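[1] have a look; sequence and predicted model below, questions after that.
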Amino acid sequence: MSFVKTDQSQLTAAEMGKLWATYVGNTMGKCVLSYYLQHVNDKEIKGILQFALGLCEDYIQDIEAIFKKADFPIPVGFTKDDVNLEAPRLYEDEFYLHYLQYLGKAGMSIYSVAIPLVTRKDIRDFFVKTLHDTSQLMVQVNDVLLSKNASINPPVIPPPEGVDFITKQSFLNVFFGNGRPLQGLEIAHLYGNMNNDITSKAIITGFVQVAKSEKVRQYLDRGKNLNEKHIDLMSDKLSKDGLPSPSLIDHLVRPSTESPFSDKLMVYHKIDMFAMKIREYANGASLSARKDVAALFAKCQLEVSLYVEDGANIMIDHGWLEQPPEAIDRDELQAGH
């Protein structure tokens, strides 16, 4: 269903930016999911992959219609040239569920922020729909993960015996020594971010095997090492409170060395997903009352930000990075006189 109306008003900067990012991201998702569907045996997982691919195709079509009516150039994004559907299987069926969970988080982080920023009703309705659809996708993915005993759930902690109030500032000032135990939100965000890093590490493990360019391979391998480092740091926080850490899923990566994706797609994919991790680390830091946990998230956020910047430089060096919509450069106009 299209949400395009006859409204011919100009797109605002927020509408341009969010639609542009959504379009490019979904062209990438279309390539990746189309390949996954060539190599899937489980009927439930295949159905979810088909549903997710259908969402990507619908969003691409809707945004193209909006852009054409606004006389806005349609981005190139990613095309059939960025995927080799004939390449051998690179991941096991279960991996696709973890991937869709990761992809869904990235999409929801864009769509939820877009809703209060856009003003045109048809575009706001579009983002409300994308958020609803992606929420449905996440519910399906989580249900199947649970049914297959593959879900990475935070540990259960005992409920409090009653309502209590904090009386000491030491609740916040934990850096060293025997501070208070982790509270529920801190555990949730440590687990959520570890889940992201575990899935990211498995994705990159496959990408490193198949990347054609040595420079791209080295960049991806650095990302895998960064995932490992962050997993270890967050696992250490949990283990100090006697809490278990989720298991790695690297065993779901097959040893194929024939690439299903272009180097351009793989680098952009990791830039896009690591950018989502920046938002997730910031969210974790903002909701952590223990200063050591907030500091850990801030450290991870900085390291990921530097990694994303280096990836963008690789994209620029190869002529792969499209220019997103931007404001008028008044200084350049002035210099032209």
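    Received it, and whenever you're ready, just let me know what you need. Residues are numbered from 1 along each chain as shown.

[2] run the chain-centre distance for stretch 210-222.
    Taking the mean of its C-alpha atoms, stretch 210-222 sits 20 Å from the chain's own mean (C-alpha atoms, centre = their mean, to the nearest Å).

[3] again with stretch 79-88
    21 Å.

[4] just stretch 42-58 next, same as before
    With C-alpha atoms, centre = their mean as the basis, stretch 42-58 stands 18 Å off its chain's centre.

[5] distance of residue 307 from residue 296?
    17 Å (C-beta to C-beta, to the nearest Å). (Each C-beta comes from the backbone N, C-alpha and C, glycine too.)

[6] and the average pLDDT for whatever helix or strand residue 205 lives in is what?
    Using DSSP states H and E, the element containing residue 205 is helix 184-210. The pLDDT scores in helix 184-210 average 94.

[7] just for this structure, where's the confidence low?
    For the chain, the stretches flagged by pLDDT under 70 are 1-9, 152-158, 160-179, 326-337.

[8] just the helices in the stretch 201-337 of the chain please.
    Remark: helices assigned in the stretch 201-337 of the chain by DSSP state H, counting those that start in this stretch are 214-239, 263-286, 291-317, 330-335.

[9] if you could redo that for the stretch 51-200 of the chain, that was the one I meant.
    So, for the stretch 51-200 of the chain - with DSSP H, counting those that start in this stretch - the helices run 93-117, 121-147, 184-210.

[10] same list, those helices, but as JSON lines with mean neighbour count and distance to residue 226 please.
    Shown next, in JSON lines, are these (neighbours: other C-beta atoms under 10 Å; distance: least, C-beta to C-beta, whole Å):
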{"stretch": "helix 93-117", "mean neighbour count": "20", "distance to residue 226": "16"}
{"stretch": "helix 121-147", "mean neighbour count": "17", "distance to residue 226": "25"}
{"stretch": "helix 184-210", "mean neighbour count": "21", "distance to residue 226": "8"}
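
[11] contacting residues around stretch 238-251?
    With C-beta atoms under 8 Å, 6 or more residues apart in numbering as the test, stretch 238-251 has contacts from 94-95, 98, 152, 155, 181-182, 187, 190-191, 194-195, 198-199, 201-202, 205, 231, 234-235.

[12] span of that stretch from start to end?
    One end of stretch 238-251 sits 23 Å from the other (C-alpha to C-alpha, to the nearest Å).

[13] stretch 207-220 too?
    7 Å.

[14] buried residues, it. List them.
    Using 16 or more other C-beta atoms under 10 Å as the test for burial, stretch 207-220 gives 207, 208, 209, 210, 211, 216, 217, 219, 220.

[15] name the residues that touch that stretch?
    Contacts for stretch 207-220 (C-beta under 8 Å, 6+ apart): 87, 90, 204, 221, 224, 253, 255-261, 263, 266-267, 269-270, 310-311, 314.

[16] ok, residue 255 - contacts?
    Applying C-beta under 8 Å, 6+ apart, the residues near residue 255 are residue 209.

[17] tell me how far it lies from residue 40.
    18 Å.

[18] what of residue 146?
    Distance of residue 146 to residue 40, computed by C-beta to C-beta: 19 Å.

[19] re the thing from before, possible to save the helices of the stretch 201-337 of the chain as TSV with distance to residue 133?
    Listed next are these as TSV, based on distance: least, C-beta to C-beta, whole Å:
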stretch	distance to residue 133
helix 214-239	28
helix 263-286	18
helix 291-317	27
helix 330-335	40
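
[20] quick one: closest of these to residue 23.
    The closest of these to residue 23 is helix 263-286. By C-beta to C-beta, the value is 12.7 Å.

[21] now for the closest one, which elements pack on it?
    Packed against helix 263-286, as judged by 3 or more C-beta pairs under 8 Å, 6 or more residues apart in numbering; DSSP states H and E, are the following elements: helix 13-36, helix 93-117, helix 184-210, helix 214-239, helix 291-317.

[22] same for the first one, what does it pack against?
    Secondary-structure packing of helix 13-36 (3+ C-beta pairs under 8 Å, 6+ apart): helix 43-69, helix 93-117, helix 121-147, helix 263-286.

[23] hang on, residue 200 packs against residue 276?
    No - the criterion here is C-beta atoms under 8 Å, and residue 200 misses it with residue 276 at 9.4 Å.

[24] just want the angle from the helix holding residue 205 to helix 93-117.
    Going by axes from the mean of the first three to the mean of the last three C-alpha atoms, to 10 degrees, helix 184-210 is angled at 120 degrees with respect to helix 93-117.

[25] quick one, helix 184-210 and helix 291-317 angle?
    Using the same axes, to 10 degrees: helix 184-210 against helix 291-317 is 30 degrees.

[26] picking that back up, want to throw the helices and strands packed on helix 13-36 into JSON lines with distance to residue 34?
    Below are those laid out as JSON lines (distance: least, C-beta to C-beta, whole Å):
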{"stretch": "helix 43-69", "distance to residue 34": "6"}
{"stretch": "helix 93-117", "distance to residue 34": "12"}
{"stretch": "helix 121-147", "distance to residue 34": "16"}
{"stretch": "helix 263-286", "distance to residue 34": "12"}
